[in-house]
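1. Need a 3D model of the sequence below.
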Amino acid sequence: MMGHASRVAVIGLVVALLAGPGSASAQDVPDRVVAVGSKPFGESYILAEMFAQLLEARGFTVDRRAGLASTSIAFPALRTGGIDVYPEYTGTALLTILNEPPMPDPRAVFNRVSSAFRQRYGIRWLPPLGFENTYAIAVRRETAERLQLRTLSDLAREGATLTGGFSPDFLGRADGLPGLAEAYGLHLGSTRALSQAVKYQAIAEHEVDVIDGYSTDGLIARNDLVVLEDDRQFFPPYEAAAMVGDDLQRTAPGAVLALSELSGRVDVATMRRLNERVEVGGEPIPLVAGDALRALGLVGTDSMVASDTEPAGGSLLAYLIEQRATIGRLTLRHLTLVGLSLLAAIALAIPLGLVLERARGSAETVIRGAGVLQTIPSIALLAFMIPVLGIGVLPAVVALFLYSLYPILRNTFTGVRDADAAAVEAARALGMTPGQVLRHVRLPLAAPVIMAGVRTAAVINVGTATLAAFIGAGGLGDPIVAGLALADERMILSGALPAAVLALVIDGVLAGCERLVAPGG
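-> Numbers count the residues shown, from 1 in each chain. The predicted structure follows:
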């Protein structure tokens, strides 16, 4: 009988033959941009880039929104139309999104998530890409030999003596550490939350003893790690597939056909090689994705990313020079996020501070309320906004606006309230009205204090705006997030260094403004 993978390959081949290389262009390619998302780890970046380049080869315009923080960010973004497609795994959908018990049969899992997502959310699962990528619980070889660890049951026996380093997702998911604790009685001595790429560095440096990886990770072999057998078959099948939003199905069916050309075409060995090129070889993701599509015959040699493109040179300076156009574009986006949010905060916080100066009884309550917003973790606030505002620039600007309010509001109120009492009394003695005293005495005297609050808010915003990359808003957080996922220090610094310079420049400009508005300036 024909196996499940073979059936998927046949389905994908039939769709591809029916669609053909020119199928999308044969239809009316819509003006709408197709937003392609990914989660922040190497394989998801590669698959999303393959989706994007394939769509572009078929005539579609693509907006890349890579590095969405987690399933809890990416899936709501798909539901609300913030993105149109992203690569997901059937096991993740079954346990994490549908909250249903695991099933061992890959076909049954795919059928279940496919039908449930269509009925509940209007979301379509395209046929699987052709490989499964399950969780891999790994230890150093010397640890496995010393403690005689071969299975997860063995790990449960020795767990109290070991330290785990797991992705934040894995620490809270039903198919993650909580599920392992229930299925195996696994209780480690301690655990740490680590990003996907940092985990491998941590285990190599003996900072942790156990990590969660993925079965297609190239870094497992590179670090000579031992993957422990899931002897109780706790983990469900994790077949990779494209998840397509309802709006794309209705408005751009040609895009769905184009994406279907990948179904059944990417096997485990191929995906492992692609991951290794990125994670171990440090090759650019667009190059690796383009090579994969050319090898499959889905794009021609004249595609946008040339096959002979070389990775950047070894030095940081060479990398920054090569990426200067991208860095410039991301800096402009970052400046837009900071500028819009800061202007909005100034427009609200300064007038509100002036009002509160005349209503001092309620001033502290209002100001402390604004201060509470500072205590909400940035990524949590961004996640809360997705159901209402979607992903992208708008929720990022709103979040940064909320974070900017407190320092400007506090300094405005304090500066006006504590203006030189002698100068205020002299103005009153001259017959000035309260409004004139405010405009001509209190505000000029308070201006340096108010500007100090604006400067503080601006610098905070530049740093906080890097997290906007987790919700597809772009900016200098993009290379930081991608670099953390791929353990690429140059990529991280290509975002971090410009962000630091931008903060210094903005603070310097505002310092000049502060001198200008100061009394006697």
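2. Then Val36 would be within a strand, right?
-> Yes. The secondary structure assignment for Val36 places it in a strand, going by DSSP: H, G, I helix; E, B strand; the rest coil.
3. so how many other residues sit close to it?
-> Burial measure for Val36: 29 neighbouring residues, criterion other CB atoms under 10 Å. Yep, even glycine has a C-beta here, placed from its N, CA and C like the rest.
4. That one and Met50 touch, don't they?
-> No. Shown here, Val36 and Met50 do not form a contact pair, counting by CB atoms under 8 Å, at 9.5 Å.
5. Can you give the domain ranges for this structure?
-> If you go by automatic domain parsing, the domain ranges for the chain are 4-131+237-311, 135-227, 322-517.
6. in the stretch 401-521 of the chain, which spans are strands?
-> Counting by DSSP state E, counting those that start in this stretch, the stretch 401-521 of the chain yields no residue ranges for strands.
7. low pLDDT regions in it?
-> Counting by pLDDT under 70, the stretch 401-521 of the chain contains low-confidence residues at 420-421, 424, 440, 520-521.
8. follow-up on the earlier one: compare the domains of the chain and say which comes out lowest on pLDDT.
-> When the domains of the chain are compared on average pLDDT, domain 4-131+237-311 comes out lowest at a mean of 86.
9. Run through the residues that contact the residue nearest to Glu132 when sequence neighbours are not counted.
-> If you skip the residues right next to it in sequence, Glu132 has Glu239 as its closest partner in space, 5.1 Å away by CB to CB, 6 or more residues apart in numbering. For Glu239, the contacting residues are 89-91, 106, 109-110, 128-129, 131-132, taking CB atoms under 8 Å, 6 or more residues apart in numbering as the criterion.
10. could you redo those as CSV and give each row distance to Val454?
-> Output for those, formatted as CSV (distance: CB to CB, whole Å):
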residue, distance to Val454
Tyr89, 45
Thr90, 50
Gly91, 49
Pro106, 56
Val109, 53
Phe110, 54
Pro128, 52
Leu129, 50
Phe131, 52
Glu132, 53
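11. could the residues you listed be laid out in CSV, adding neighbour count and distance to Gly371?
-> Written out in CSV, the entries for those read as follows (neighbours: other CB atoms under 10 Å; distance: CB to CB, whole Å):
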residue, neighbour count, distance to Gly371
Tyr89, 28, 41
Thr90, 26, 44
Gly91, 23, 42
Pro106, 20, 51
Val109, 23, 47
Phe110, 22, 49
Pro128, 29, 49
Leu129, 24, 48
Phe131, 22, 49
Glu132, 21, 48
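12. what's the closest of the residues you listed to Ala468?
-> Of all the contacts of Glu239, the one with the least separation from Ala468 (CB to CB) is Tyr89, at 25.6 Å.
13. Touching, the closest one and Asn133? I think so.
-> Yes. The pair formed by Tyr89 and Asn133 meets the contact definition of CB under 8 Å, at 6.4 Å.
14. For the helix or strand hosting Val278, list every residue counted as buried.
-> According to DSSP states H and E, Val278 maps onto helix 268-279. Of the residues in helix 268-279, those buried under the neighbour-count criterion (16 or more other CB atoms under 10 Å) are 270-272, 274-279.
15. which of the residues in the longest helix seen in the chain are buried?
-> Residue-count comparison of every helix in the chain, with assignments taken from DSSP state H, identifies helix 324-358 as the longest. Buried residues in helix 324-358, counted by 16+ other CB under 10 Å: 327, 330-331, 333-338, 340-342, 344-346, 348-350, 352-354, 356-357.
16. Quick check: next helix or strand after it?
-> Toward the C-terminus, helix 324-358 is succeeded by helix 360-374 as the next helix or strand (DSSP H and E).
17. and that next one, how far out from the chain's middle?
-> Computed by CA atoms, centre = their mean, to the nearest Å, the separation of helix 360-374 from the middle of its chain amounts to 32 Å.
18. What number of residues are in the vicinity of Ala359?
-> Burial measure for Ala359: 9 neighbouring residues, criterion other CB under 10 Å.
19. picking that back up, just want the angle from the next helix or strand after the helix holding Val278 to helix 268-279.
-> Reading on from helix 268-279 to the C-terminus, the next helix or strand found by DSSP H and E is helix 285-295. When axes from the mean of the first three to the mean of the last three CA atoms, to 10 degrees is applied, the directions of helix 285-295 and helix 268-279 differ by 150 degrees.
20. Convert the C-alpha atoms of helix 285-295 to CSV, please.
-> Taking only C-alpha atoms (Å, rounded to 0.1, in the frame of the first residue of the first chain), the coordinates of helix 285-295 have been written out as CSV:
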residue,chain,number,x,y,z
ILE,A,285,18.5,32.4,4.5
PRO,A,286,17.4,33.9,1.2
LEU,A,287,20.2,32.1,-0.6
VAL,A,288,19.5,28.7,1.1
ALA,A,289,15.7,29.0,0.4
GLY,A,290,16.3,30.0,-3.2
ASP,A,291,18.7,27.1,-3.8
ALA,A,292,16.1,24.7,-2.4
LEU,A,293,13.4,26.0,-4.7
ARG,A,294,15.8,25.8,-7.7
ALA,A,295,16.7,22.2,-6.8
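21. Quick one: name whatever helix or strand follows it.
-> Past helix 285-295, further along toward the C-terminus, the next helix or strand under DSSP H and E is helix 316-322.
22. Now that next one: buried residues?
-> 319-320, 322.
23. likewise stretch 427-442?
-> Those would be 427, 432, 437-438, 441-442, for stretch 427-442 by 16+ other CB under 10 Å.
24. quick check, nearest of these to Ala156?
-> Of all the buried residues of stretch 427-442, Ala156 sits closest to Arg442, with 67.7 Å by CB to CB.
25. Skipping its backbone neighbours, what lies nearest that closest one in space?
-> Nearest residue to Arg442, sequence neighbours excluded (CB to CB, 6+ apart): Ala419, at 4.4 Å.
26. what's the spacing between the one you found and Ile346?
-> When CB to CB, to the nearest Å is applied, the distance between Ala419 and Ile346 equals 19 Å.
27. Any chance of JSON lines for the buried residues of helix 268-279, columns distance to Thr375?
-> Below are the buried residues of helix 268-279 laid out as JSON lines (distance: CB to CB, whole Å):
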{"residue": "Thr270", "distance to Thr375": "46"}
{"residue": "Met271", "distance to Thr375": "42"}
{"residue": "Arg272", "distance to Thr375": "43"}
{"residue": "Leu274", "distance to Thr375": "42"}
{"residue": "Asn275", "distance to Thr375": "38"}
{"residue": "Glu276", "distance to Thr375": "42"}
{"residue": "Arg277", "distance to Thr375": "42"}
{"residue": "Val278", "distance to Thr375": "37"}
{"residue": "Glu279", "distance to Thr375": "36"}
